[in-house]
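1. attaching a predicted model along with its sequence, questions to come.
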Amino acid sequence: MTPFRIGLRSKLALVAVVLLALPWVGYQYVQEMERFLLDGQRQGLIATARAVATALHERPQLFGRMPGSSAVSLSDSLAPGEEVLELAIASMPQQPADSLPAPPPAPTVDGAAEVGAILRGLERSTARIWVVDRDLEVIAHSGSLVPPKHDRNGAGPLMRLWRALLGQVGQPQEDVVAQLTDASPPSGQAISGTLFGATTSWLRPVGNSEVLVVAAAHPVWVADKVQGAVVVEESTLAIQSVRDAAVERLALLTFAGLAIAALVVLGFASRLSWRIRRLRDEAESAIDARGRITGLTAASTAGDEVGDLSRSFSTLLARLAQHHHYLESMASRLSHELRTPVAVVRSSLENLQLEALPPPANTYLERADAGLRRLTRILARMSEATRMEQALGTTDPEHFDLRAVVAECVQGYRLAHPEQAFDTELPDGPVWVRGAPDLAAQMLDKLVDNACDFAERGSAIRIRLTVAGQHAELSVVNRGPTLPAALEGKLFESLVSGRRSEHPDEPHLGLGLYVARLIAGFHGGTLGAHNLPAGEGVCFAATLPLGRAGHDPGEIRQQI
């Protein structure tokens, strides 16, 4: 099961999601500012009530009524069961009947008219003002809870979307304004505390909306007695409008900033991932399937960490290329350097063979000659791979019949190995491939030599040539030990051998299959090996494209 992986751009996008917390933080800040404005509004209403009450202090004539004038009682606005007026009267200190002062004379001034004239100067404010006497009867009132120039279009589309996300669905703005217009006067229960000389303030909702009515009451003193109260009310429509506008601006700025940040992060992540992928592709293309360094990565001039990594890769591949070139040329250098001392030893041995030596010395002379011959064969095989690589680079490919080459080679094998049986399976017609016939014969020689070295005594080596589609397959099968797991993937590398030879003096440097692989690559094909299904032997198979496939000579050389 493939593990779940998250790309670099996805990780940076997840990091950018943290910016979504900014609208929530901003909304909390707006709510805090709303509470601050609400507290400021309450303090302002208390100051207004105090100012109006100050204008009414020590003026008892303002709280009298002319005979026949109508009066409005706040007790009419009580909810059933409140009985606030009775509660307020019962809570007042009672005096004996004989100590009660004489009732004041009938007023000669209409107090309601005087108070109304004072309140008319405050009608342009956004508050509604009530003046009540000690009996909770309204002397005068003015103003409205609905601001005259209030925007009745309601919240904007972003605010409505935000409320929908929060699950807050309020009443339509028209309903709220209608409820404010028809809002009842303050209840006597709320004012009862003011009639005892205390300045009070309170909040009351308007229907099911978010809008509240903020009220403040201040007592009116005549001498040392509370003669009435001034009540100032104001709605929070203005605060709500300011809050909605602030939330909308906050949402616009936040989402605009989030969009810009997301684009910047996405562009940065795309650029970074593109640079990393390009570095990966360059590193993979610098080494071919056989482990050769075919090119170097372009060192980046960027000053960041990716640029440092690119330069490190380029330096590392350059050093590996130098070391690989040294290893490839080591065999030819050793062969060249050892030829001169080998020639000196050979000439010395030849001169010694011409001299009359005692019989014990001839034994050592023969051993030295055998060792020299073995060393000569080692040097020849060490330089064989180098010569083969150089020859493949200069050989011009041609069309030839692979079947005829294989048939001719099999006849030679039967003469060279009379003790070994060979079975052939060849097609009836010619098999045309593009390459070099002598190199194809040399590749088959390497495979047959390897099969003869591993084949069981008395078993036959089977050489088969088949055609499937646009490819020809040349296979050599022998019965014997299977391929060890330690050589898996390394069998066709240079200086790797798993042979067992019956002749200890015959050197095997593991260059035969390496040369065979080079020849198969020259022909545009591949060379592989696998154990037989029953585990009774090994099959080496070279897959070569047919000549009709049309390989260009330059392309074939490039595959080597």
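-> Done, it's in.

2. show me how far the strand or helix carrying residue 38 is from its chain's centre.
-> Using DSSP states H and E, residue 38 sits within helix 21-56. Using Cα atoms, centre = their mean, to the nearest Å, the mean C-alpha position of helix 21-56 is found 45 Å from that of the whole chain.

3. what about it, average pLDDT?
-> Taken as a whole, helix 21-56 has an average pLDDT of 87.

4. what packs against that helix?
-> With contacts taken as 3 or more Cβ pairs under 8 Å, 6 or more residues apart in numbering; DSSP states H and E, helix 21-56 sits against helix 111-119, strand 128-133, strand 200-205, strand 212-222, strand 225-235, helix 237-285. Where C-beta positions appear, they are placed from N, C-alpha and C, glycine not excepted.

5. buried set for that helix?
-> For helix 21-56, the neighbour count (16 or more other Cβ atoms under 10 Å) marks 22-23, 26-27, 30, 34, 37-38, 41-42, 45-46, 48-49, 52-53, 56 as buried.

6. mind putting the helices and strands packed on helix 21-56 into JSON lines with distance to residue 193, mean pLDDT and mean neighbour count?
-> Shown next, in JSON lines, are the helices and strands packed on helix 21-56 (distance: least, Cβ to Cβ, whole Å; pLDDT from 0 to 100; neighbours: other Cβ atoms under 10 Å):
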{"stretch": "helix 111-119", "distance to residue 193": "22", "mean pLDDT": "78", "mean neighbour count": "19"}
{"stretch": "strand 128-133", "distance to residue 193": "13", "mean pLDDT": "88", "mean neighbour count": "24"}
{"stretch": "strand 200-205", "distance to residue 193": "5", "mean pLDDT": "89", "mean neighbour count": "15"}
{"stretch": "strand 212-222", "distance to residue 193": "8", "mean pLDDT": "91", "mean neighbour count": "23"}
{"stretch": "strand 225-235", "distance to residue 193": "10", "mean pLDDT": "91", "mean neighbour count": "24"}
{"stretch": "helix 237-285", "distance to residue 193": "25", "mean pLDDT": "82", "mean neighbour count": "15"}
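
7. the strand or helix carrying residue 462 pairs with which strands, and in what direction?
-> Using DSSP H and E, residue 462 maps to strand 460-468. Take DSSP bridges as the rule and strand 460-468 pairs in its sheet with strand 421-425 (parallel), strand 471-479 (antiparallel).

8. in it, which residues are buried?
-> 461-465.

9. same deal with stretch 533-540?
-> Across stretch 533-540, burial judged by 16+ other Cβ under 10 Å covers 537-540.

10. just the CA trace of it, in PDB.
-> Extracted C-alpha coordinates of stretch 533-540, given in PDB (Å, rounded to 0.1, in the frame of the first residue of the first chain):
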ATOM      1  CA  PRO A 533      11.300 -22.300 -13.500                       C
ATOM      2  CA  ALA A 534      12.200 -25.800 -12.200                       C
ATOM      3  CA  GLY A 535      15.500 -24.600 -10.800                       C
ATOM      4  CA  GLU A 536      17.500 -26.900 -13.000                       C
ATOM      5  CA  GLY A 537      19.600 -24.300 -14.800                       C
ATOM      6  CA  VAL A 538      20.100 -20.800 -16.100                       C
ATOM      7  CA  CYS A 539      18.900 -19.000 -19.200                       C
ATOM      8  CA  PHE A 540      20.800 -16.000 -20.700                       C
END
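
11. what about that stretch, average pLDDT?
-> 84.

12. what lies in contact with it?
-> Stretch 533-540 has contacts (Cβ atoms under 8 Å, 6 or more residues apart in numbering) with 447, 450-451, 454, 475-483, 527-532.

13. can you turn the buried part of the residues you listed into a PyMOL selection?
-> Selection of buried members from those for PyMOL, criterion 16+ other Cβ under 10 Å:
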select buried, resi 447+450+451+454+475+476+477+478+479+480+481+483+527+529
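
14. which of the contacts of stretch 533-540 fall in strands?
-> 475-479, 527-531 (DSSP state E).

15. can you name the two of the residues you listed that sit furthest apart?
-> 479 and 527 (20.5 Å; Cβ to Cβ).

16. you'd agree residue 219 is up against residue 231?
-> No: using Cβ atoms under 8 Å, residue 219 is not in contact with residue 231; the gap is 10.7 Å.

17. overlap in contacts of those two?
-> Common neighbours of residue 219 and residue 231 (Cβ under 8 Å, 6+ apart) are residue 194.

18. all the helices of the stretch 451-560 of the chain, residue numbers only.
-> 512-522, 553-558 (DSSP state H, counting those that start in this stretch).

19. would you single out the least confident of those?
-> Among the helices of the stretch 451-560 of the chain, helix 553-558 carries the lowest mean pLDDT (a mean of 39).

20. ok so, going back, so for the strand holding residue 462, what's the average pLDDT?
-> Strand 460-468 carries an average pLDDT of 90.

21. off-centre distance for it?
-> Remark: strand 460-468 is offset 53 Å from the chain centroid, using Cα atoms, centre = their mean.

22. contacts for it?
-> Under the criterion Cβ under 8 Å, 6+ apart, residues 402-403, 406, 410, 420-427, 431, 444, 448, 451-452, 455, 472-478, 546 lie in contact with strand 460-468.

23. mark which of those residues are buried, thanks.
-> 402-403, 406, 410, 420, 422, 424, 426, 431, 444, 448, 451-452, 455, 472, 474-478, 546.

24. quickly list the domain ranges of the chain.
-> Per automatic domain parsing, the domain ranges recorded for the chain read 8-89+108-251, 288-329, 395-558.

25. re earlier: turn the helices and strands packed on helix 21-56 into JSON lines, including distance to residue 325.
-> Output for the helices and strands packed on helix 21-56, formatted as JSON lines (distance: least, Cβ to Cβ, whole Å):
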{"stretch": "helix 111-119", "distance to residue 325": "105"}
{"stretch": "strand 128-133", "distance to residue 325": "98"}
{"stretch": "strand 200-205", "distance to residue 325": "89"}
{"stretch": "strand 212-222", "distance to residue 325": "87"}
{"stretch": "strand 225-235", "distance to residue 325": "89"}
{"stretch": "helix 237-285", "distance to residue 325": "18"}
